[in-house]
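J.: take this sequence and fold it.
(chains A and B)
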Amino acid sequence: MFLMPIILVIVITSLQASTFELVNENKIQVIVCNRDSGEISNQFIKAITNAGLSAITEVPKQFTPEQVTNEMHKKDALVAIDIPADFSIKITEKAKSISSKALSDLGIDSTSSEYTIGESVKLYYNPVLQQSYLRSINGALLSALELVQSKQILNTIYLSLNDSKLPAALEKDILENRVKIDEIPVSKSGNKNVPNATQHNIPAWTIFAMFFVVTSLGSGVVREKLSGSFIRLKTLPTNYLLSLLSKQITYIGICLLQVAVIFSIGVLLFPFLGLPALHLPDDLFSLLVVSFFSGWCAVSYAICIGVYAKSQEQANGFGAVSIVILAALGGILVPSFAMPDSFRILMKLSPLHWCLESYYELFLEGGNSVDVFKNVLPIIAITIGIQLLTLFKLQKNQII
Amino acid sequence: MVKDNLALYIEHLSFTYPDQTSKSLSDINLKINEGETFGLLGPNGAGKTTLMSILTGLIHFHEGSVKLFGNEIKNKDKALNKLFGFVPQDFSFYQELSPKENLEFFGAWAGLSRAETKKRTDELLKIIGLTEVKDKPVMQFSGGMKRRVNLAIGVIHQPRILFLDEPTVGVDVQSRHAIISYLKELNEKGTTLIYTSHQLNEAELLCDRIALIDEGRIIANDVLANLLSFHNENGLEGLFLKLTGKAYRD
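T.: Below is the predicted model of the structure:
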């Protein structure tokens, strides 16, 4: 139970890092069937490649749509792009039409022409591909399409005005020297480090691990309660609360040890595994405070389950499932900013949410101890609430 | 804490479980002197375990009074728990731990110092004959060995009164002999024993005084010789059947 969460953190972070690469470096296998014989479709494919969809495999233009989709299955490709036969013609028509309209508006005599919208470019995708990835690919295709259309329009206008082709250097200047978008993380500490999958995942899954590992404590409380040793404890002079207190101290120690091991793996071992290294926050004292209160909350929750459960099976089942639910509500499985409004109230009731917010405050936002304390306060409040629930049940059952 | 020669004084004790309407114990009155060996006998469901649970503080009661060496146990003073030891019918220890670890754990829990715990652990392991296997998990032990561990934990803190709920059930002759011998030794040193069992010959051998309980009431309470003479019986089994009947109780 101690090692499993550590393995979980390594596996999840590795998978998330590879997903991150898959989406951002576009390593998704793409099949392209170019039915067009014109030059523009080739430019389109080149633009797609430049946009990042580098793993392209072209299939013959004679392929039927069924053969294209069959090829997807054969090659384990998640996406196929089917370029229609009239692709270049239709883009050329559109370019000529827009060019003539533009020149007429400028008072330059030009032969007007109309254009009709041609057959669409088809994007086949495997249903396992999630919507976010699909949108990313769709965005890349639209961007490539706009690029070849703009180029064609520009060339047509230039040809009409100058009776010569647009010079390559000018075309490059116009089409490629775009204004770049710099992504700048805004942290409270002013740190400009770009957060990576490790920085997001290790704190999140460490919290999940902390809550998950203590389910064994809940089961242990039930086992003790159902066994004869509990009767003995109740008849001895020491109050049973001391037993619960000693369990809490021991398990908080285990939680902190686990946090230390997971963070050390993130800092020291991840670079050797080809994963981004974890950068610890500057405020290590606040990190310890957050870890302590998160651990205390997890331990209190496990004991509460143990006190209320009537069997070990009930404690194990309820403990594990409830923690997965609380993790989902708390933003560990799904980012909290992506939650629907109706879930945001429930989210605030999940102790894992506040633990996660506290860690993110330190690991991602560079917050100081005051910022962290604002998130630790709800953890303490929830923990006290859980402890009171436990005491109520113990008193009701005449155990204390 | 009050000093009293009466180890246990029960007055008008009645008890009804929350989910039941009929009383499990009805107007129980008992006086047990310090140093006495008292047998509490009765058929299944008579109320023995309920009475034991009340006396050891496992069940809280409202009707009547129970004084342990003059101290009312209804007040839930945990310090009173130092005065008594309890050997439940079920094995009441951690099966995954060794006898040594169990004794050390429960010794600490009983409030003994580290040195006292170690001394008592070594003594008791020797007395119950488990020194050789002191580090083996109890789950590997036979029923008799487990019973001996169960008894040793109950006396780790040298209580003045010891409640024993069927301490020899399911053990072989050797273990029974060892347990009874040790209980007699404890009693000779001044420990008051309150003992329940279905082993009537064992009760005859061990107890100074016997109370028969049936349907939550004390139906006989005297030294065995007086009881046999009064009811014109030759042995405890005959007396038991005469007073409680031959019908099944469970």
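J.: contacts only, for the residue in chain A that chain B sits nearest to.
T.: Residue nearest to chain B within chain A: residue A:228 (3.3 Å; CB to the nearest CB). Where you see a C-beta, it was placed from the backbone N, CA and C, and this is true even at glycine. Applying CB atoms under 8 Å, 6 or more residues apart in numbering or on different chains, we find residue A:228 in contact with B:88, B:90-93.
J.: so the residue sitting nearest the centre point of chain B bridges to which residues?
T.: Residue closest to the mean C-alpha point of chain B, counted by CA atoms, centre = their mean, is residue B:164 at 1.8 Å. The partner list for residue B:164 in beta bridges (DSSP bridges) reads residue B:87, residue B:195.
J.: what residues are up against the closest residue to chain A within chain B?
T.: For chain B and chain A, the shortest gap (CB to the nearest CB) falls at residue B:92, measuring 3.3 Å. Applying CB under 8 Å, 6+ apart to residue B:92 gives the contacts A:227-229, A:231-232, B:86, B:150, B:153.
J.: want to try CSV for those residues, with pLDDT as columns?
T.: Supplementary listing: those in CSV, determined by pLDDT from 0 to 100:
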residue, pLDDT
A:227, 80
A:228, 78
A:229, 83
A:231, 85
A:232, 86
B:86, 94
B:150, 93
B:153, 95
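J.: number of residues surrounding residue A:65?
T.: Using other CB atoms under 10 Å in any protein chain shown, residue A:65 is surrounded by 12 other residues.
J.: quick one, what contacts it?
T.: Taking CB under 8 Å, 6+ apart, one finds A:82, A:122, A:124 in contact with residue A:65.
J.: quick check: the last one touching residue A:73?
T.: No - taking CB atoms under 8 Å as the definition, residue A:124 is not a contact partner of residue A:73, at 10.7 Å.
J.: who has more neighbours, the two?
T.: Each of residue A:124 and residue A:73 has its neighbours counted (other CB under 10 Å); residue A:124 has more, 17 against 9.
J.: near chain B, which residues of chain A?
T.: Those residues of chain A that sit near chain B, judged by CB under 8 Å from any CB of the partner chain, are A:227-229, A:231-239, A:243, A:398.
J.: just the CA trace of stretch A:297-317, in PDB.
T.: C-alpha atoms of stretch A:297-317 as PDB (Å, rounded to 0.1, in the frame of the first residue of the first chain):
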ATOM      1  CA  CYS A 297      -7.200  15.300   6.700                       C
ATOM      2  CA  ALA A 298      -6.700  12.000   4.900                       C
ATOM      3  CA  VAL A 299      -6.000  10.100   8.100                       C
ATOM      4  CA  SER A 300      -9.100  11.700   9.800                       C
ATOM      5  CA  TYR A 301     -11.200  10.700   6.900                       C
ATOM      6  CA  ALA A 302     -10.000   7.100   7.000                       C
ATOM      7  CA  ILE A 303     -10.600   6.800  10.700                       C
ATOM      8  CA  CYS A 304     -14.100   8.200  10.300                       C
ATOM      9  CA  ILE A 305     -14.900   5.600   7.700                       C
ATOM     10  CA  GLY A 306     -13.500   2.900  10.000                       C
ATOM     11  CA  VAL A 307     -15.600   4.100  12.900                       C
ATOM     12  CA  TYR A 308     -18.800   4.200  10.900                       C
ATOM     13  CA  ALA A 309     -18.300   1.100   8.700                       C
ATOM     14  CA  LYS A 310     -19.800  -2.200   9.900                       C
ATOM     15  CA  SER A 311     -17.400  -4.500   8.000                       C
ATOM     16  CA  GLN A 312     -14.000  -4.400   6.400                       C
ATOM     17  CA  GLU A 313     -15.500  -4.900   3.000                       C
ATOM     18  CA  GLN A 314     -17.700  -1.800   3.600                       C
ATOM     19  CA  ALA A 315     -14.800   0.300   4.700                       C
ATOM     20  CA  ASN A 316     -12.600  -0.800   1.800                       C
ATOM     21  CA  GLY A 317     -15.300  -0.400  -0.800                       C
END
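J.: hmm, who's touching that stretch?
T.: A:210-211, A:213-223, A:225-226, A:244, A:247-248, A:251-252, A:255, A:318-319, A:322, A:351, A:355, A:379, A:382-383, A:386-387, A:389-390, A:393-394.
J.: before we move on, back to that, so which of the contacts of residue A:65 are in strands?
T.: Taking DSSP state E as the definition of strands, the contacts of residue A:65 contribute A:82, A:122, A:124.
J.: now pLDDT too, for the residues you listed, in CSV please.
T.: Output for those, formatted as CSV (pLDDT from 0 to 100):
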residue, pLDDT
A:82, 92
A:122, 91
A:124, 90
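J.: what is the nearest of the contacts of residue B:92 to residue B:51?
T.: Sorting the contacts of residue B:92 by how near they are to residue B:51, with CB to CB, puts residue B:86 at the top with 12.7 Å.
J.: quick check: the closest one touching residue B:56?
T.: Yes - under the criterion of CB under 8 Å, residue B:86 is in contact with residue B:56, at a separation of 4.8 Å.
J.: so between those two, which is more surrounded?
T.: Legend: neighbour count by other CB under 10 Å for residue B:86 and residue B:56, higher for residue B:86 (27 against 22).
J.: report the contact partners of that one.
T.: By CB under 8 Å, 6+ apart, the residues touching residue B:86 are A:231-232, A:235, B:52, B:56, B:92, B:154, B:162-163, B:165.
J.: what about 10 Å?
T.: Under the criterion of CB atoms under 10 Å, 6 or more residues apart in numbering or on different chains, the contact list for residue B:86 reads A:231-232, A:234-236, B:52-53, B:55-58, B:92, B:153-155, B:159, B:161-165, B:194.
J.: so which strand or helix has the residue of chain B closest to chain A?
T.: Residue B:92 belongs to no helix or strand when elements are defined using DSSP states H and E.
J.: spatially nearest residue to it (excluding sequence neighbours)?
T.: Among residues not flanking residue B:92 along the chain, residue A:228 sits closest, at 3.3 Å (CB to CB, 6 or more residues apart in numbering or on different chains).
J.: do residue A:157 as well
T.: Spatial nearest neighbour of residue A:157, chain neighbours left out: residue A:99 (4.6 Å); criterion: CB to CB, 6+ apart.
J.: with residue B:40 instead?
T.: Nearest one to residue B:40, counting by CB to CB, 6+ apart, is residue B:196 at 4.7 Å.
J.: quick one, phi/psi of the residue of chain B closest to chain A?
T.: Note on residue B:92: backbone dihedrals following degrees, to the nearest 10 are phi -110, psi 70.
J.: with residue A:350 instead?
T.: For residue A:350, the backbone dihedrals (degrees, to the nearest 10) come out as phi -80, psi 120.
J.: go through whichever strand or helix holds residue A:290 and flag the buried ones.
T.: Assigned by DSSP H and E, residue A:290 belongs to helix A:284-308. For helix A:284-308, the neighbour count (16 or more other CB atoms under 10 Å in any protein chain shown) marks A:286-287, A:289-308 as buried.
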